[in-house]
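Enquirer: Everything below, folded, please.
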Amino acid sequence: MIRRMVQRLLSTLLVLFCIVSATFFLVRLAPGGPFDTERALPPETRALLMKQYGLDLPLHEQYIRYLDNLLHGDFGTSMKYPGKSVSEILFEGLPYSAGLGGLALMSAILAGAGMAWLTVRRPEGSADRWMVRISLVFLSLPGIIIAPLSVLVFSLWLGLLPAGLLEGPEHLILPVISLALPLAARIFLLMRDSVRTQSAGTWFRAAIGRGIPPSALYLRHVLRHALAPVAAFLAPASAALLTGSIVIETVFILPGTGRHFIQAALNRDLTLILGTVILYSTILLLFNFLADIILMLLDPAREKSEGTA
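Expert: Reported below is the predicted structural model:
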């Protein structure tokens, strides 16, 4: 198991290096620049700015210098926010994005698992059928649609919740709901299918025949196996949270890193774009790595079979 963990860690670092390299060259080679404005800068001023940020160097030298700075924990200085480092800007918004994503993920897991538990005793019942239909609806709606609809219904029509900004805990309810609903629907469907597969097995019926209470079987055995697909879904869920948070933070005017990324892209702030992509990629790869570890712990037999294959 330790060997597999080391292999996953090394492959994760290799993927991160490839992402950093590809993003660097794509951003640098894209048309336009951070100092291309409607009103052209004087040539002397432009030359000074290019030299200050190292943009006058050959591309390969810029790349080597950027990698060296990254190894020392330096993401560079923002090209549109003078005097502010990229790290400072990112870590100002990271607590808001992490809090929003964490609340959405916990809400989705609790809601999805709760819905699965409610339908496990009566499969194919009316409650089960309605929950499946509702889940499919929310699964097909992206956050960019759910967010405005939630504002329209709960803020403008009913006046129950605030529409945006972050002036108190109640301002997080709609953003969390908008992020969590599609994830909760997916988790419910995954757990529902897994629980139904486990409870249809011969071992389950044999245990019932020996007088073991179904509730004990569900809690001790079925639930553990039902969590395996949820753990595997942790990586794509984190990707959905990261991409969704960009939209949600923009719609609800939240001061997170997603909103900084939108502004950086609009302003052609190259260093801030690179820093945001690296931060998001690191978080996503970390969730992938953690999902692999959780799967190893939940299903050791599968891990042994993969190791011998």
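Enquirer: Help me confirm that residue 5 comes into contact with residue 293.
Expert: Yes. Between residue 5 and residue 293 there is a contact at 6.6 Å, judged by CB atoms under 8 Å. Quick note: C-beta positions are derived from backbone N, CA and C, even for glycine.
Enquirer: more crowded one of the two?
Expert: Remark: of residue 5 and residue 293, residue 293 carries more neighbours, 16 against 13, as counted by other CB atoms under 10 Å.
Enquirer: Go ahead and measure how far the helix or strand containing that one is from the middle of the chain.
Expert: Taking DSSP states H and E as the criterion, residue 293 maps to helix 270-298. Its chain's C-alpha centre and that of helix 270-298 lie 9 Å apart, by CA atoms, centre = their mean, to the nearest Å.
Enquirer: All further residue positions should be reported with the first residue as 597.
Expert: All set: I'll call the first residue 597, so the last point we hit is now helix 866-894.
Enquirer: Now it: buried residues?
Expert: By 16 or more other CB atoms under 10 Å, the buried positions in helix 866-894 come out as 866-877, 879-881, 883-885, 887-892, 894.
Enquirer: For residue 670, grab phi and psi.
Expert: For residue 670, the backbone dihedrals (degrees, to the nearest 10) come out as phi -110, psi 110.
Enquirer: any idea how far it lies from residue 661?
Expert: Per CB to CB, to the nearest Å, residue 670 is found 10 Å from residue 661.
Enquirer: try residue 620
Expert: Distance from residue 620 to residue 661, by CB to CB: 11 Å.
Enquirer: Compare the two and say which one has the larger neighbour count.
Expert: Applying other CB under 10 Å to residue 620 and residue 661 shows that residue 620 carries more neighbours, namely 21 against 13.
Enquirer: Which strand or helix spans that one?
Expert: helix 598-625.
Enquirer: and that helix, which residues are buried?
Expert: 608, 612, 615-616, 619-620, 623.
Enquirer: what sits against residue 843?
Expert: Neighbour list for residue 843: 738-740, 743, 854 [criterion: CB atoms under 8 Å, 6 or more residues apart in numbering].
Enquirer: Next: residue 736.
Expert: Shown in contact with residue 736 (CB under 8 Å, 6+ apart): no residues.
Enquirer: need the contact list for residue 858.
Expert: Going by CB under 8 Å, 6+ apart, residue 858 touches 842, 846.
Enquirer: neighbours around residue 825, how many?
Expert: Look at residue 825: counted by other CB under 10 Å, it has 18 neighbours.
Enquirer: And residue 660, how close does it get to residue 889?
Expert: Distance from residue 660 to residue 889, by CB to CB: 34 Å.
Enquirer: Can you name the next helix or strand after the helix or strand hosting residue 827?
Expert: Using DSSP H and E, residue 827 falls within helix 819-828. Going down the chain from helix 819-828, the next helix or strand is helix 830-847, by DSSP H and E.
Enquirer: could you check the angle helix 866-894 makes with that next one?
Expert: Helix 830-847 and helix 866-894 are oriented at 140 degrees to each other (axes from the mean of the first three to the mean of the last three CA atoms, to 10 degrees).
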